[in-house]
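Trainee: Fold the following.
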Amino acid sequence: MQHKLTNSKVLKLALASAGALLFLAPSLGANALSNSQQDGSENRDSFLVAQGNCPTRRSTVDRTFETPNYYVTICSGDSRNSLGYYVGAAKDGSGGITVPLTRRSGDRYIAANGNTIYAVTPYELRVSQNGRTILNERILAASGDDTVSARGCRNRESTFVTAETASYVISICGGDLPGSYVGESKNGNGRIRLPLQSYGRDRFAAVNGDTRYVLTRNELRVTQNGQTILRETVRNWN
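Mentor: Numbering: from 1, shown residues only. You can find the predicted model right below:
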């Protein structure tokens with residue numbers, strides 16, 4: 001029993017240390033946030049927390065994201081870095097980091113701090129180190145979103161279903177009845193909107209030429225000329 005307790009304590013300490021390293025190891029090109037910028041109070045709106053985080057007066061807030069444990073701000077570019085900046089802060093106030101963006105691609109923002117890569121989209125925050133994912137958290141809230149990109153369905157449309165797989169978020173949209181299939185890649189690199197060909201209880205199908213998309217409560221399956229080219233389990237269904 002004592003041995004098990006000791007292992008549990010060691011594991012907890014290791015996890016805590018890993019979490020701290022994510023945002024407290026700035027290298028060349030990255031600046032640690034000051035204490036005044038590390039206010040992690042969960043009672044404050046993430047956009048308000050982000051207002052003072054951009055590194056210079058010429059750099060302003062473009063987007064903000066909130067995960068269960070972090071706030072992320074995307075700041076506009078300035079004379080030092082035209083692409084802008086990624087600013088991450090832990091909600092518990094344990095630390096933060098400011099890193100120049102290396103790429104903007106649609107709704108995907110990427111920054112590099114040595115061998116650590118930060119990638120944020122309206123759906124997830126993913127941090128990898130040496131090619132290995134060390135953090136992956138779902139986005140709880142975002143500001144500055146384009147309405148279609150953030151919600152899938154357009155203004156004044158009804159959202160009948162929102163489903164999530166490992167790689168995609170799918171929305172079933174329409175008016176009084178379901179009418180459209182909207183599939184969005186989590187990495188921000190792709191989006192498709194198609195009229196529904198058919199729908200039934202927890203099953204929706206759309207066709208784009210030789211490609212057929214079928215969404216059920218259990219899986220997303222994409223076929224091309226009758227051959228399955230994608231099959232992913234549905235993780236969330238709302």
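Trainee: center of this protein - which residue?
Mentor: residue 124 (2.0 Å; C-alpha atoms, centre = their mean).
Trainee: If you rank every helix and strand of the protein by mean pLDDT, what lands last?
Mentor: Least confident helix or strand, the chain: helix 147-151 with a mean of 40, by mean pLDDT, DSSP states H and E.
Trainee: outside of the helix or strand just after that helix, which residues touch it?
Mentor: Once helix 147-151 ends, the next helix or strand along the chain (criterion: DSSP states H and E) is strand 158-164. For strand 158-164, the external contacting residues (C-beta atoms under 8 Å, 6 or more residues apart in numbering) are 123, 151-153, 169-176, 178, 204, 215, 217, 220, 234-238. In this view, the C-beta of every residue, glycine as well, is placed from N, C-alpha and C.
Trainee: Filter these down to the ones in strands?
Mentor: Among the contacts of strand 158-164, the members found in strands (DSSP state E) are 169-174, 178, 204, 215, 220, 236-237.
Trainee: Now, of those residues, which are buried?
Mentor: If you count burial by 16 or more other C-beta atoms under 10 Å, the buried members of these come out as 169-174, 178, 204, 215, 220.
Trainee: Which residue ranges make up each domain of this protein?
Mentor: Per automatic domain parsing, the domain ranges recorded for the chain read 21-143, 152-237.
Trainee: Most tightly packed of these?
Mentor: Comparing those by mean neighbour count (mean count of other C-beta atoms under 10 Å), domain 21-143 comes out on top with a mean of 18.
Trainee: all helices for the chain, in order.
Mentor: Applying DSSP state H to the chain gives helices spanning 2-23, 46-50, 147-151.
Trainee: for the buried ones among the ones in strands among the contacts of strand 158-164, which one is nearest residue 115?
Mentor: Of all those, residue 169 has the smallest distance to residue 115: 29.0 Å, by C-beta to C-beta.
Trainee: any idea how far residue 237 is from that closest one?
Mentor: The gap separating residue 169 from residue 237 is 11 Å, by C-beta to C-beta, to the nearest Å.
Trainee: Over to residue 76?
Mentor: 37 Å.
Trainee: wouldn't residue 118 be in contact with residue 87 here?
Mentor: No. Under the criterion of C-beta atoms under 8 Å, residue 118 is not in contact with residue 87, lying 10.0 Å apart.
Trainee: Show me whatever sits in contact with both of those two.
Mentor: Shared contacts of residue 118 and residue 87 (C-beta under 8 Å, 6+ apart): residue 99.
Trainee: which residues touch residue 199?
Mentor: 172, 178, 205.
Trainee: try 10 Å
Mentor: Contacts for residue 199 (C-beta atoms under 10 Å, 6 or more residues apart in numbering) come out as 160-161, 172, 174, 177-179, 181, 205-206, 215.
Trainee: I'd say residue 153 and residue 174 touch.
Mentor: Yes. If you go by C-beta atoms under 10 Å, residue 153 and residue 174 touch, sitting 8.2 Å apart.
Trainee: Now for the two: what residues contact both?
Mentor: Between them, residue 153 and residue 174 share the contacting residues 159-160, 180, judged by C-beta under 10 Å, 6+ apart.
Trainee: Okay, now the unreliable bits of this protein?
Mentor: Applying pLDDT under 70 to the chain flags the ranges 1-52, 144-151, 155, 188-189.
Trainee: Thank you, goodbye.
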